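Visitor: mind looking at a prediction? Sequence and model below.
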Amino acid sequence: MSTFSLPNHPSKREVTGEGGLITGTNPTAFTTVDPLRLWIVQVGIIIVVAQLLSLGLRKLRQPKVIAEVLGGILLGPTALGRIAGFTENIFPAVSLPYLSLVANIGLCLFLFIVGLEVDTCAVMRNARMSVIVSLAGIALPFGLGTALSVPFYHHFIDRSVQFTHFMLFTGVAYSITAFPVLCRILTELKLFDTKVGVVVVSAGVGNNIIGLTLLALSVALVNASSGLTALWILLICIAFTIFLLFPVKFVMRWLARRTGSIEDGPTKSYMTIVMILLFACAFFTDSIGVNAIFGAFLAGVVVPREGGLAITITEKLEDMVSIIFLPIYFTLSGLNTNLGLLNNGITWAFTFAIIVFSFVGKFGGCTIASRVAGYNWRESSTVGALMSCKGLIELIVLNVGLQAGILSPTVFSMFVLEALTLTFITTPLVTTLYPPVGEMARAAQGDERGKSDEKASIITEEQPWRHRFTVVLDKLDHVPGAMTLTQLVVPPHSTQSDVTSTTTVNETRDKPKMPDVSVDALQLIELSDRTSDVMKSSAVESLIRTDPVLGIFRRFGELNEWPVTTSLLVVPYDDLARSVAEHAQRHGSHLVLLPWLLPNAPTAVDTSDTAPGGDGTTPKVTKADHNPFDVLFGSATGTKTDNLPSDMHSHFVQGVFAQSKTDVALFIDASDRTGAGAGASMHFFLPFFGGPDDRLALAFVVQLCLNPRMTATVVRMVKAEGGAPAPRGDGPTVTPTIRHPDTVYGRPTTEMCLQSDTADDIAWSKYATPAPSSSASDATHVENEHPLLRQALARIHFLDAHTPLPLDAAIQHACALRAQEKSRRLLIVTGRSRRLAKESHHGEMKQLLETYRAGVGLEGMGRTIGDVGTAMVIGGSASAMVVLQAADVVG
């Protein structure tokens, strides 16, 4: 029986590093028994440099890969490597194998994600165009690359490298297209669904598949001892690919359905199988003499796409890959890149030739192929510019060539500079050739829809009701608010039958009927740096059918018998507001509905002094009272709150107000969601000050009261003598400290002010005039009046209030109504009043701020909802509010 004995003394490995900095140990000192400390230092530096560079390049709309490669170059011998001791202490040569191991694992994961991005169905749908453009984008660059490889080989390549191997690698580097970077550029420029985007994506998929196949062949030729061995390697690769694409793909789909991964996302067991498949494929292709990345790419291709499974798997992997693994890989590329080797005229001339030949080959080949296929010159040149993007994939090819000893450090540096240059110029070149604004309408379907919607969007005296709405949804929490506002603004179906029963047949025939309601639900997804977001933009059609937010709202429309169309946009954060404005205009909407539902925040306001018989003073908010809008804009009592998400949403709302060419309604709800809903009886309060926004609010309240369960109180606030004098306002009354985009109006002229005042008087007399007498003119007025309008006005109580402090009076009225309408929910409606406002409330707002000790968060509040809405909030009189802004039309 064999025995073993334990050592009498612990090994040195067990005590390595004890004491650390305390004992004077250098934390960057590298030891093979404990390489972790230096590895952490290296990764930390790499991530920080890459992120800092990406922040600056993002302003230039450049892909993140440029920042990662530039970061690697800066850390290499080109820049920081020239500092004495930097490379020896931070990136010593003995530590690079550990970085390389991690980088290659990350590279396999990245190529797996690239395989997940590949949509073979898109290639099949556009097979003719994709084949023509893809082959042209490979043949001409490959030919130019092989021609240029002759002088390159004689000037820069060692004779131990076979010319055919170098020629093949040069041709592959010239013909490859960076498909992941290409998809991101298309998404950011909103070209994914255009004619150009469709052909570029399908051709890019084909180009990548052919390019990686040529790369696998090149590696096989380099590693093979003879031509017969290379042939066997190629045949094995083909057989392995067929094996993966058919039986393995079928098994993976069966397992996904069996485990419920398609319906509910990948289970832990399914993810385990996927990871085993990934590294098994990488191991096999590397074992037969082809690079492991080829097997990882094939593993991604065979994962099922049904139910967004590929997108969900990408979401689980992409952050670790993009934040850690890829920057490490490209830092290693940068450490091998020494631009100092480009130190003479001949070298720079060849570098310039590489850039020119590579661009001419890709741009010329794809442009000519697109023109032959029937595209105009502008579209064809855009296809050529997009296909000339290099980015990640060419850098991977170059690193493979460098590791194989085919490329010298000088040639490698020259090609890296070429890849960076062509990737950098892609976005500005495409923006110049094919501006994204307005080009999405080039599709015939979009053009026809825009024309029909433009006619339907007209509001006339015969048809005064707004019936076309765009409802903006960006998260599940906003769905209840969107449902509430939509159901409020759309009259119930019983209204029309009630009118018919109270009128004669002739009246019914002559009177206009309620228009058909059209509701367009728009789901917004922010385009971040994540690959999964780009994949979502390419799978919009399937996401519209499966998105839970749109599904809930679609079913809500079916229950109310409204035709609900659904749309989904994946756009960068800075373009969210502009996308909403453009979408509403294309849809021909009368009103953009923005919900803003907040967490539960019960309000306690002392209304005892505002009830009939009180002293008429504005109720004070006690220290124990909680304003529900504190969650949104910060504490009105000066207490700091963590409102970063609300601040970001306020930024978005202000952007919609600033850029929308359509009327906008912002619904803010901070009340208890377990209380009365949209279907219950409600009472609305509108303080009418004047101006286009208040006129829109007045018409909005009248339309809300078409519902027989709704009533309203409208008070026209007239500023009497004795208040704080203030000039007529047309701008913000609260000085902002955070600069957000806002609606910018020119200073109104006297004529514009008079026209607006006249329009105020006309609107008020139209709705608030008492019941007409029996005179002939009044009888004609009643006969011509819409019957629905008569019924709605009967539910509204109109008042006039002359007061030196109109905001204070509005708060008093709201609190009194809240006390009287305890059985019903009170909703306050205000105009945003940022343009042609009747009065400036600057002086009174300062008094209110002092009275309620408010201050924190009011910069964003005033800029978002206006002065009247701000007064309602700080007075504690509002638990729910609708703020309206009219389209920028004078009068």
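Guide: Yep, it's here. Numbering: from 1, shown residues only.
Visitor: which SSE is the closest residue to Ile273 other than its chain neighbours in?
Guide: Spatial nearest neighbour of Ile273, excluding adjacent residues (Cβ to Cβ, 6 or more residues apart in numbering): Leu255 at 6.3 Å. In short, each C-beta sits where N, CA and C put it, glycine included. For Leu255, the host element (DSSP states H and E) is helix 249-258.
Visitor: who touches that helix?
Guide: 261-262, 266, 270, 273-274, 277, 302-304, 306, 309 (Cβ atoms under 8 Å, 6 or more residues apart in numbering).
Visitor: show me where the stretch 751-891 of the chain dips below the pLDDT cut-off.
Guide: The model of the stretch 751-891 of the chain has pLDDT under 70 over residues 769-786, 834-839, 853-860, 878, 889-891.
Visitor: one more time with 80, if that's ok
Guide: Scanning the stretch 751-891 of the chain for pLDDT under 80 picks out 751-753, 769-789, 821-823, 833-843, 845-846, 848-863, 875-879, 888-891.
Visitor: can you pull out the helices in it?
Guide: 776-784, 787-794, 806-820, 842-851, 858-874 (DSSP state H, counting those that start in this stretch).
Visitor: of those helices, flag the one that's most buried.
Guide: helix 858-874 (a mean of 26; mean count of other Cβ atoms under 10 Å).
Visitor: how many degrees apart are that one and helix 842-851 in direction?
Guide: Helix 858-874 and helix 842-851 are oriented at 80 degrees to each other (axes from the mean of the first three to the mean of the last three Cα atoms, to 10 degrees).
Visitor: any idea of the mean pLDDT in stretch 94-102?
Guide: Averaged across stretch 94-102, pLDDT comes to 93.
Visitor: put the alpha carbons of that stretch into PDB.
Guide: C-alpha atoms of stretch 94-102 as PDB (Å, rounded to 0.1, in the frame of the first residue of the first chain):
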ATOM      1  CA  VAL A  94       7.500  38.200 -18.900                       C
ATOM      2  CA  SER A  95       4.000  39.400 -17.900                       C
ATOM      3  CA  LEU A  96       2.600  39.600 -21.500                       C
ATOM      4  CA  PRO A  97       1.800  35.900 -21.800                       C
ATOM      5  CA  TYR A  98      -0.700  36.200 -19.000                       C
ATOM      6  CA  LEU A  99      -2.300  39.300 -20.600                       C
ATOM      7  CA  SER A 100      -2.300  37.400 -23.900                       C
ATOM      8  CA  LEU A 101      -4.100  34.400 -22.500                       C
ATOM      9  CA  VAL A 102      -6.900  36.600 -21.100                       C
END
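Visitor: for that stretch, report the contacting residues that lie outside it.
Guide: Contacts for stretch 94-102 (Cβ under 8 Å, 6+ apart): 30, 32, 35, 38-39, 42, 91, 324-325, 328, 331-332, 335.
Visitor: thinking again about what came up before, model confidence for the residue nearest to Ile273, exactly?
Guide: 96.
Visitor: now the helices for the stretch 501-650 of the chain?
Guide: Under DSSP H, counting those that start in this stretch, the stretch 501-650 of the chain gives helices at 505-510, 531-538, 540-546, 548-559, 576-587, 630-633, 644-659.
Visitor: and the second one, what does it pack onto?
Guide: It stands for helix 531-538. helix 96-117, helix 179-188, helix 309-320, strand 518-526, strand 564-571 (3 or more Cβ pairs under 8 Å, 6 or more residues apart in numbering; DSSP states H and E).
Visitor: same question for the longest one.
Guide: Packed against helix 644-659, as judged by 3+ Cβ pairs under 8 Å, 6+ apart, are the following elements: helix 576-587, strand 591-597, helix 630-633, strand 663-669, helix 858-874.
Visitor: would you convert these into CSV that also reports distance to Glu561?
Guide: Below are the helices and strands packed on helix 644-659 laid out as CSV (distance: least, Cβ to Cβ, whole Å):
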stretch, distance to Glu561
helix 576-587, 20
strand 591-597, 19
helix 630-633, 34
strand 663-669, 22
helix 858-874, 33
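Visitor: among these, which is nearest Arg82?
Guide: helix 576-587 (43.7 Å; Cβ to Cβ).
Visitor: now that closest one, how far from the chain's geometric center?
Guide: Computed by Cα atoms, centre = their mean, to the nearest Å, the chain-centroid distance of helix 576-587 equals 13 Å.
Visitor: in contact with Glu315, which residues?
Guide: By Cβ under 8 Å, 6+ apart, the neighbours of Glu315 are 530, 532.
Visitor: picking that back up, can you name the next helix or strand after the helix holding Leu255?
Guide: From helix 249-258, the next helix or strand downstream (DSSP H and E) is helix 261-264.
Visitor: list the buried residues for that following helix?
Guide: Neighbour counts over helix 261-264 (16 or more other Cβ atoms under 10 Å) mark 261-262 as buried.
Visitor: need the pLDDT of Leu527.
Guide: 87.
Visitor: how much space separates it from Gly831?
Guide: Leu527 sits 33 Å away from Gly831, going by Cβ to Cβ, to the nearest Å.
Visitor: more crowded one of the two?
Guide: For Leu527 versus Gly831, the count of surrounding residues by other Cβ atoms under 10 Å is larger for Gly831: 28 against 22.
Visitor: ok, now which ones touch the more buried one?
Guide: 689, 691-697, 866, 868, 883-886.
Visitor: leaving out sequence neighbours, find the closest residue to it.
Guide: Asp693 (3.1 Å).
Visitor: wait, the one you found sits on Asp888?
Guide: No. Contact status for Asp693 versus Asp888: not in contact, 10.7 Å apart, counting by Cβ atoms under 8 Å.
Visitor: who's more crowded, those two?
Guide: Neighbours around Asp693 and Asp888, counted as other Cβ under 10 Å, are more numerous at Asp693. The numbers are 25 against 13.
Visitor: packing partners for the helix or strand harbouring that one?
Guide: With secondary structure defined by DSSP H and E, Asp693 is part of helix 692-704. Secondary structure elements in contact with helix 692-704, counted by 3+ Cβ pairs under 8 Å, 6+ apart, are helix 479-489, strand 682-688, strand 710-719, helix 750-768, helix 787-794, strand 825-831, strand 880-885.
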